[in-house]
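Student: Mind looking at a prediction? Sequence and model below.
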Amino acid sequence: MGSQELADRGLVLLGCGKMGSAMLQGWLKDGLPAASVHVIDPHPSDWLQAQGVNINAALPASPAIVLIAVKPQMMGEALPAIRSMAGGQTLFVSVAAGVTLANFEAVLGADQPIIRAMPNTPAAVGRGITALIGNAHVTEAHMTLAEGLLQAVGQTVRLDDEAQMDAVTGVSGSGPAYVFHLIETLAAAGEAQGLPADLALKLARATVGGAGVLAEEAAESPSQLRRNVTSPNGTTQAALEVLMDEETGFPPLLKRAVKAATDRSKELSNG
């Protein structure tokens, strides 16, 4: 099942909020014909209405793929709209947090190919990373198709086990918020040392953004990049002695934070 079949049979996007819009923008930019896309959304945005896609119109009986991008709490009312497509020929992909493969199989049928995916918000600027796991009916062709769609908004990784999804949520799903908070607190710390608030924020934003790109694109590991910046007995070392403290620094703090997010993800999935 490739891009031509996707164009011929169509793609149904259930929900077009921030994540759905980011993905749709990427697909259209990559050449998916707008006429092949069918969007179900109760409150279509002005941007969506200007894209030339089919909105809340008659749906294809057997689309190549149905991508479920509604919030988990809206899942109950949204799924009946696509249950009629569960004939085994359509691949279902969900980016809804906390909704398990078993949840979908209970509604769509255990014999349907279903992929669960966890993207993150940098998808909005094409810099997301999405983890995928499929059920027993997902083929290599299905995974390749789903990866192709999700790579329109960033990188993809495959998981070995659905249980890993909770830890993925704790690291990359929730992780952008940790970085945003780092920017906030770094700026506040600069302000406490006498910098004007707007200057401190500009410095913090650019520093974290630039370091992130460097960490992703450089050949060296993050540990080596850190060492490259750290002169013996210099300013960076003075700061790192605080941040790398095994009792009060980043190591125990981030372990607790990621564990809290992972535990909460487990609770929500079992709820």
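Tutor: Ah, there it is.

Student: can you list the residues that contact stretch 57-71?
Tutor: Outside of stretch 57-71, the residues within contact range by CB atoms under 8 Å, 6 or more residues apart in numbering are 1, 5-6, 8-17, 19-20, 23, 38, 40, 75, 78-79, 82, 84-85, 87, 89-96, 145-146, 149. Where you see a C-beta, it was placed from the backbone N, CA and C, and this is true even at glycine.

Student: Mark which of those are part of strands, please.
Tutor: The strands in this structure, assigned by DSSP state E, contain 11-14, 38, 40, 91-94 from those.

Student: Test my guess that S21 contacts D46.
Tutor: No. Counting by CB atoms under 8 Å, D46 is not a contact partner of S21; they are 11.2 Å apart.

Student: Neighbour count: the two, which is higher?
Tutor: A count of neighbours by other CB atoms under 10 Å puts S21 above the other of S21 and D46, at 21 against 6.

Student: Check the gap between E140 and E147 for me.
Tutor: 10 Å (CB to CB, to the nearest Å).

Student: of those two, who's got more company?
Tutor: The neighbour comparison of E140 against E147 (other CB under 10 Å) goes to E147, with 17 against 8.

Student: need the contact list for that one.
Tutor: Taking CB under 8 Å, 6+ apart as the definition of contact, the neighbours of E147 are 132, 156, 158.

Student: can you rerun that using 7 Å?
Tutor: 132, 156 (CB atoms under 7 Å, 6 or more residues apart in numbering).

Student: part of a helix, is F104?
Tutor: Yes. Note on F104: a helix contains this position according to DSSP: H, G, I helix; E, B strand; the rest coil.

Student: neighbours of it, just the number please.
Tutor: Using other CB under 10 Å, the number of residues around F104 comes to 23.

Student: The one 4 residues further on now?
Tutor: Look at L108: counted by other CB under 10 Å, it has 20 neighbours.

Student: Distance-wise, check it relative to A167.
Tutor: L108 is 26 Å from A167, where distance means CB to CB.

Student: Nearest the middle, which residue of this structure would you pick?
Tutor: P119 (1.3 Å; CA atoms, centre = their mean).

Student: Quick check: of the ones in strands among the contacts of stretch 57-71, which has the highest neighbour count?
Tutor: Within those, F92 tops the neighbour count with 28 neighbours, counted by other CB under 10 Å.

Student: I figured that residue was touching I114, is that so?
Tutor: Yes. Using CB atoms under 7 Å, F92 and I114 qualify as a contacting pair, with a distance of 4.7 Å.

Student: Now do the shared contacts for these two.
Tutor: By the contact definition CB under 7 Å, 6+ apart, F92 and I114 are jointly contacted by 104, 108.

Student: ok, G52 touching A34?
Tutor: Yes. At 3.8 Å, G52 and A34 qualify as touching, with contact defined as CB under 7 Å.

Student: Distance check, the residue of the chain most remote from its centre against A86.
Tutor: Of all residues in the chain, the one whose C-alpha sits farthest from the chain's mean C-alpha position, using CA atoms, centre = their mean, is N233 at 39.9 Å. According to CB to CB, N233 and A86 sit 65 Å apart.

Student: try M75
Tutor: When distances are taken as CB to CB, M75 and A86 turn out to be 15 Å apart.

Student: Rounded mean pLDDT for the one helix or strand A239 maps to, please.
Tutor: Assignment of secondary structure by DSSP states H and E places A239 within helix 235-243. Helix 235-243 shows a mean pLDDT of 97 in the predicted model.

Student: List of residues touching that helix?
Tutor: For helix 235-243, the surrounding residues in contact (CB under 7 Å, 6+ apart) are 229-231, 249-250.

Student: okay, now the domains of the chain?
Tutor: When the chain is parsed with automatic domain parsing, its domains come out as 3-165, 175-270.

Student: Compare those and say which comes out lowest on pLDDT.
Tutor: Averaged per stretch, pLDDT over the domains of the chain is lowest on domain 3-165, reaching a mean of 91.

Student: can you tell me which residues contact the residue lying closest to L182 once chain neighbours are set aside?
Tutor: With sequence-adjacent residues excluded and distances taken as CB to CB, 6 or more residues apart in numbering, L182 is closest to V208, at 6.1 Å. Remark: with contacts taken as CB under 7 Å, 6+ apart, V208 is in contact with 179, 182-183, 186.
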